[in-house]
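# Give me coordinates for this.
(2 chains)
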Amino acid sequence: MKSIRTRIAPSPTGDDLHIGNVYTALINYIFAKQNKGKFIVRIEDTDRTRLVKGSEERILKSLRWFGLDPDESPEVGGPYSPYRQSERLELYKKYALELVKQGHAYYCFCTPQRLEQMRKEQQSKGLPPMYDGLCKQLSTKNPASPAGRQELRTKNEKYVIRLNVPNVGTTQFTDIIRGKISFENKLIDDQVLLKSDGFPTYHLAVVVDDYLMKISHVIRAEEWISSTPKHILIYQFLGWPLPIFAHGPILRNPDRSKLSKRKNPVWASWYREQGFLPEAILNYLALMGWSPPASGTDGSEIFTLDEMMKHFKLEDIKPVGPAFDLKKLEWMNGEYIRKTDNPKLMAQILDFYKEKKLPERIVQKTIPLIKERIKKLSDYLPLTEFFFNRPAKYEVDLSPKSPQLSQLAQSLNSVENWTADNIGKNMQELVAKKGYKSSDFFMAVRIAITGKKISPPLNESMEILGKEEVITRLKSFFI
RNA sequence: GCCGCCAUCGUCUAGUGGCCCAGGACGGUACCUUCUCAAGGUACAAAUCGGGGGUUCGAAUCCCCCUGGCGGUACCA
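The predicted model follows:
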C-alpha cells in the first residue's frame, strides 16, 4: 500500500495558530498516525504583503503545545526540504514555465487597474467576474512560442502567469467526506499561478509541493472546495497523479458565519492564556463533525488521542459546519482538570502563573480544595488569592459581626492540634453553645478569612492558613 | 449575481427504510447533598427530523423541487 502522508499548510499571516488550523491539524495528524503515515507541516508564506513577523515561530510553538508534532517541518527538516515555500521559488517558476511551454498557461500583462475595471463591467452586466483572456488571445495570435510574448514587452514590465483553463468540459473529483463534486470548466477562472513579484499563488505552490512532497491525502477545510478543480487541472497538465481529497467543515461563529477573530477567540495563544488544557481542546475539537462510534466505545465524549485513533474514520466526518461552543469547551476543560492527578495539576498551575512565582508549598495544599471548583487554570488565583495575601477588601461589612468573631478567636485559640477537623469541631461547638444561626455565622467567618462570599471549604482553608494567621485576620474586626 | 457545499433539540451530535410519537452530551430548570461555591446524584423542559411533493405496506433515513445557511468568486491563503 502506498504510504500515507498528510500535511497542514498554515500561512504566517496571523498572530498565532488559528483554532481552525488546529482542527485541521488534528484530523490530518490522527489520520496519518492511525495509518502509520507521516504528518507534515509546510509553511505557506507566499503572500509577502500579509506576512506577520514571528507568526511562523508562534504557529510551530503552538502546534508543539498541542502535541501535534510533525514528522517533517521547517523546524525538524525532512527528506523534502525546504518546508517553507519562500525557499522553493525556483521550483514553482520551473513548473510555471513548463505549463507555459505546453500552452497550459500564459503570460499576462494586464494591470491591476484594467482588471478592476474589467470586473466592474462584468458585474454591472451581471456576469461572473473572470479574467477575460485578453493576454491569452494576444499570445495565441503571436505564432512564436508563448514565451515569445514576453519579449514583445519592455524588459521591466510586470507580468503574471495565468492558468489556461479549457472552456469546455467539466472537472470533477471524489471527496472522501462529500462524494462526487463537479465544476464546469468554463466557469473556472484563469487563475494567476505566478505573481509579478516572482512568488507563486497558493494554487500553484500547493500542487507543486503536495506532488513533490508525496502527499497522499489532501485534508483541508471546505473553503478550498471551489479551488480544487484548478488544482486538479494543474496536476493533469503536469501529468501528475492526483492525491485523495477530503474537505472537512469549517468552524463557525455562534452566528454561523465562518469562525473569525472578530466574533470568537481564534488564536491558540488565547486558549493557552485562558488556562485551557491542550488535551481538552483537542478532545473538544474532535467532537466537531465526528463522534465516537456506538459500538466499540462506551460512547463517552471524553477520550484521548489514542482512543480516537482507534476509532476515527475520515469518511465519518460530517460536512456540516459546526458552531464553536466555548461553554462546552469549558465544561470539558473542567473534566480534564478533575482527571489530572494533583502533582501534575500543581505543576500546571505553577507554570501558568510562573511570573507570579507562587509559593509551591501553598499551591500544593490548595490543589485538593480547588480541583473541582475550577474550569480553567485562570480560575485558580481568583479563588485562592486569600491564601497568598490578606484580603484587601471584604464583600460584606462585618462590623455587626464583631462580637461573634471575637468569640471565635478566643475559642479557636484553645485548639491544640490545628487540623480542619478540629477547627470544624471547635466552631460547631461554639455555634451550639451560643445559639448562633449557623449559616450566618459561617458566612461571616468565611468573609473575615477570605474576603469573599464564595470560597473553598472553610475548615481546610483555615488549616492551610495556620492558626496564627487565622486569628490575626479575625482580630482585625474587633480590635 | 454566478458556482459549489450543507440542512435532526439553543449548541455539539446518534440515527444509513420498520427497534424513533427520535437517543446522548453541553447549556437551562427543579430537587437531593451542604457552613458558601463547586463537584456529584436524580428528574424535567427542549427537535411536528427546514418546507412541499414523490418512491414504499412503512421514511429523519431514498429521489425531486423550494427555502435557508455557509463557502468561493483576488497578482490572500
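# who's in contact with the residue of the stretch 251-400 of chain A found nearest RNA strand B?
The nearest approach of the stretch 251-400 of chain A to RNA strand B comes at A:K258, 2.8 Å away (Cβ to the nearest atom of the strand). C-betas here are computed from N, CA, C, even on glycine. By Cβ atoms under 8 Å, 6 or more residues apart in numbering, A:K258 lies in contact with A:223, A:250-252, A:321.
# Separate out the buried members of these.
A:250-252, A:321 (16 or more other Cβ atoms under 10 Å).
# CSV please, covering those residues and showing distance to A:G239, secondary structure and pLDDT.
Shown next, in CSV, are the buried ones among the contacts of A:K258 (distance: Cβ to Cβ, whole Å; DSSP: H, G, I helix; E, B strand; the rest coil; pLDDT from 0 to 100):
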residue, distance to A:G239, secondary structure, pLDDT
A:I250, 32, coil, 96
A:L251, 36, coil, 97
A:R252, 39, strand, 96
A:G321, 36, coil, 95
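# now the stretch 1-150 of chain A, which segments are flagged as low pLDDT?
A:1, A:139-150 (pLDDT under 70).
# likewise the stretch 201-350 of chain A?
Along the stretch 201-350 of chain A, no part satisfies pLDDT under 70.
# Distance check, the closest residue to A:L277 other than its chain neighbours against A:S269.
Using Cβ to Cβ, 6 or more residues apart in numbering and skipping the chain neighbours, the partner closest in space to A:L277 is A:Y336 (5.0 Å). Using Cβ to Cβ, to the nearest Å, A:Y336 is found at 19 Å from A:S269.
# Settle it for me: which of those two has more neighbours?
Remark: of A:Y336 and A:S269, A:Y336 carries more neighbours, 19 against 16, as counted by other Cβ atoms under 10 Å.
# rewinding a little: following the host helix or strand of the residue nearest to A:L277 in sequence, what is the next regular element?
Applying DSSP states H and E as the criterion places A:Y336 in helix A:326-339. Counting by DSSP H and E, the next helix or strand C-terminal to helix A:326-339 is helix A:342-352.
# Going by contacts, tell me the helices and strands next to that following helix.
Secondary-structure packing of helix A:342-352 (3 or more Cβ pairs under 8 Å, 6 or more residues apart in numbering; DSSP states H and E): helix A:360-370.
# What are the buried residues along the helix it packs on?
A:363-367, A:369-370.
# And stretch A:95-115, by the same measure?
A:95-96, A:99-100, A:104-110, A:115.
# Counting only strands, which of the residues you listed make the cut?
Judged by DSSP state E, those include A:105-108 as members of strands.
# Which ones among the residues you listed also lie next to RNA strand B?
Here nothing survives when these are matched to RNA strand B using Cβ under 7 Å from any atom of the strand.
# Which one of the residues you listed is nearest to A:F245?
Distance to A:F245 across those (Cβ to Cβ) is lowest for A:A105, with 22.3 Å.
# Excluding sequence neighbours, find me the nearest residue to A:I337.
Once flanking residues are discounted, A:I337 sits nearest to A:I374: 6.1 Å by Cβ to Cβ, 6+ apart.
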